[in-house]
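1. requesting a structural model of the entry that follows:
(one chain, ligands or ions: 1)
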Amino acid sequence: MHSWIARNIVYRSIELARGEPVTGYLRRISHIPYLSRDEIAGIQAEKLRRVVLTSYRNIPFYRKRFDEAGIDVDRLKLPEDMVKIPILEKHDLRDNYHLLVNPELDVRISRESTSGSSGNPLTVIKDRDKSAYVRAVMYRCYAQYGVDIGDKQARFWGVPVDKRAYFIEKLKDILSNRIRLSAFMVDEEALSEFARRLQKFKPRYFCGYPSLIYKFCRWMIDHNVAFGECAPLVVITTGEVLYDFQRELIERTLKCRVANEYGATETGVIAFECPEGKMHINADHVCLEILPSGYGRDDGDIVVTELNNYYNPLIRYRIGDVGSVSEEPCGCGMGLPVLKALLGRQSSFIVTPENKYLYSALLAYVFKKGVRQFQGVQDSKDELTVRIVKDDSLTDTMLSEYKRKLSDHLGKTMRIKFEFVSTINPDRSGKLRYFVSKIGQDV
Ligand SMILES: [Zn+2]
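-> Below is the predicted model:
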């Protein structure tokens, strides 16, 4: 479908039918990132106050919580007093979703499920006003790279397994002008089918799991495939932590820029990488706080508050990722604050017998040549197993060297085992996890 038709006819009609004014919001919020830092902080404080007060007055769950914590909302100074508000955990959301909605609002809603990569999927309810803002923020981020609503997209993602959901997604894909390349059952045949479909469809941009796009690029190199004129303008990676080795290979193979997105099903896009390479937080959409980590560094648990949701807002929601915020300005001209480090899930840490926490990206720095894919699995505090899909160049000397490097970081008491496998499969949502912790750090 031509992008103009997709944007101005199909998308507008869907917006009207759904009661989801994405285009209108996009027009109203496009300028916000380019305001000064103080102006953005002012907008955020105003929105924060409105969300917190409305939630206290109208949502039974928050009223009870605030009262129990002894909070006098009329005297609450925001954002300074945010720390007084109790943290909303995933289990709170799961157990109380019927008490977490504003009964005063009669709205149309949609339901979405999180991928549940930590084993506990959540159902998230979104009213159309919130989902419109969420989508508008997403397109505002994409616009930095010349991508607009209705542009052709190749989506490297999971595909629903039950038939009805599959056909609904298929219809959505057609109406949204995108093709879907499935993260399940990725073998030689599937990858060559990817290439055939991409060359025919000529997407303006790719979007999806970095592990899958990386895998496809490896396949392109092995089979000497190049896209030439139909190469995408940008590759947007999302849903998993993006590693440097993936970015480097994807950019080199597709000869275009990789832009990293940080978001969640619950909230939409929280932060997005600008052309200068910084992750800017959408501060008019969420208020992001970092809780002290206990790991002895400046990073900590990320906690977010939604600023445009009056139906079932998340207030101080612990999203399950670890990161830190930078105060430094960015050369791109945006006044939005910067997420300095995004370290992924709490369960992404290897814990040593001495209780030292090491971010599992360490594995990506160790396993380079001779290893096509790897996955670290920690079954107990003193044992780490690394599953390896090797290629022909892997030698015993290289393996000993890898083991030595790991031992240097993890200490001599950690037993390290290598297990050679022919393939490593993604989890139920299609995400490939480079590290799996089975020692119960999940929130
Ligand atoms: Zn920037």
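2. residues of the stretch 201-350 of the chain that sit close to the ion?
-> With the criterion set to C-beta under 5 Å from the ion, the stretch 201-350 of the chain comes near the ion through 274, 276, 278, 330, 332. Yep, even glycine has a C-beta here, placed from its N, CA and C like the rest.
3. just the pLDDT for Ile43.
-> Ile43 carries a pLDDT value of 97.
4. where does it sit: helix, strand or coil?
-> helix (DSSP: H, G, I helix; E, B strand; the rest coil).
5. what count of nearby residues applies to it?
-> Other residues lying near Ile43 total 16 when counted by other C-beta atoms under 10 Å.
6. next up, the contacts around the closest residue to it other than its chain neighbours.
-> Once flanking residues are discounted, Ile43 sits nearest to Asp284: 5.4 Å by C-beta to C-beta, 6 or more residues apart in numbering. Remark: with contacts taken as C-beta atoms under 8 Å, 6 or more residues apart in numbering, Asp284 is in contact with 29, 32, 40, 43-44, 47, 137, 307-308.
7. what two of those have the greatest distance between them?
-> The most widely separated members of the contacts of Asp284, counting by C-beta to C-beta, are Ile40 and Asn308 (14.4 Å).
8. quick check: bridge partners of the residue nearest to Val286 when sequence neighbours are not counted?
-> Nearest residue to Val286 in three dimensions, chain neighbours excluded: Val304, at 4.6 Å (C-beta to C-beta, 6+ apart). With DSSP bridges as the criterion, Val304 is bridged to Leu288, Tyr317.
9. how many neighbours does Val304 have?
-> That count, for Val304 with other C-beta under 10 Å as the rule, works out to 23.
10. roughly how far apart are it and Val269?
-> Distance, Val304 to Val269, by C-beta to C-beta, to the nearest Å: 11 Å.
11. and for Tyr56?
-> 27 Å.
12. buried set for stretch 420-430?
-> Judged by neighbour count (16 or more other C-beta atoms under 10 Å), stretch 420-430 contains these buried residues: 424, 426-427, 429-430.
13. average model confidence for the helix or strand containing Glu401?
-> Assigned by DSSP states H and E, Glu401 falls within helix 396-410. Helix 396-410 shows a mean pLDDT of 92.
14. now swap in stretch 374-393 and tell me
-> 91.
15. show me the helices in the stretch 51-200 of the chain, by range?
-> Secondary structure of the stretch 51-200 of the chain, counting by DSSP state H, counting those that start in this stretch: helices at 60-68, 90-96, 128-143, 163-175, 188-201.
16. ranking the ones you listed by burial, who's on top?
-> Of all the helices of the stretch 51-200 of the chain, helix 128-143 has the most neighbours on average by mean count of other C-beta atoms under 10 Å, namely a mean of 22.
17. does any part of that one sit near the ion?
-> No: judged by C-beta under 5 Å from the ion, helix 128-143 and the ion are separated, with a smallest distance of 11.4 Å.
18. for the ion, what's the nearest residue on the stretch 101-250 of the chain?
-> Relative to the ion, the nearest point of the stretch 101-250 of the chain is Gln144 (8.8 Å; C-beta to the ion).
19. thought that residue was touching Gly277?
-> No: contact criterion C-beta atoms under 8 Å: Gln144 and Gly277 do not qualify, at 11.9 Å.
20. who's more crowded, those two?
-> Gln144 (17 against 12).
21. follow-up on the earlier one: per-residue pLDDT, the residue nearest to Ile43?
-> 97.
22. and if you look at Ser118?
-> 47.
23. and if you look at the one 3 residues further on?
-> Per-residue pLDDT puts Pro121 at 60.
24. show me what the helix or strand of the chain with the lowest mean pLDDT is packed up against.
-> Every helix and strand of the chain was ranked by mean pLDDT, DSSP states H and E. The lowest is strand 357-359, at a mean of 73. Packing partners of strand 357-359 (3 or more C-beta pairs under 8 Å, 6 or more residues apart in numbering; DSSP states H and E): strand 349-351.
25. which residues are in contact with the closest residue to Ser30 other than its chain neighbours?
-> Nearest residue to Ser30, sequence neighbours excluded (C-beta to C-beta, 6+ apart): Arg140, at 5.8 Å. Counting by C-beta under 8 Å, 6+ apart, Arg140 touches 26, 29-30, 33, 282.
26. can you do 10 Å?
-> 25-26, 29-33, 269, 272, 282, 284-285 (C-beta atoms under 10 Å, 6 or more residues apart in numbering).
27. got a markdown table for these, with secondary structure too?
-> Shown next, in a markdown table, are the contacts of Arg140 (three-state DSSP):
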| residue | secondary structure |
| --- | --- |
| Tyr25 | helix |
| Leu26 | helix |
| Ile29 | helix |
| Ser30 | coil |
| His31 | coil |
| Ile32 | helix |
| Pro33 | helix |
| Val269 | strand |
| Phe272 | strand |
| Asn282 | coil |
| Asp284 | coil |
| His285 | coil |
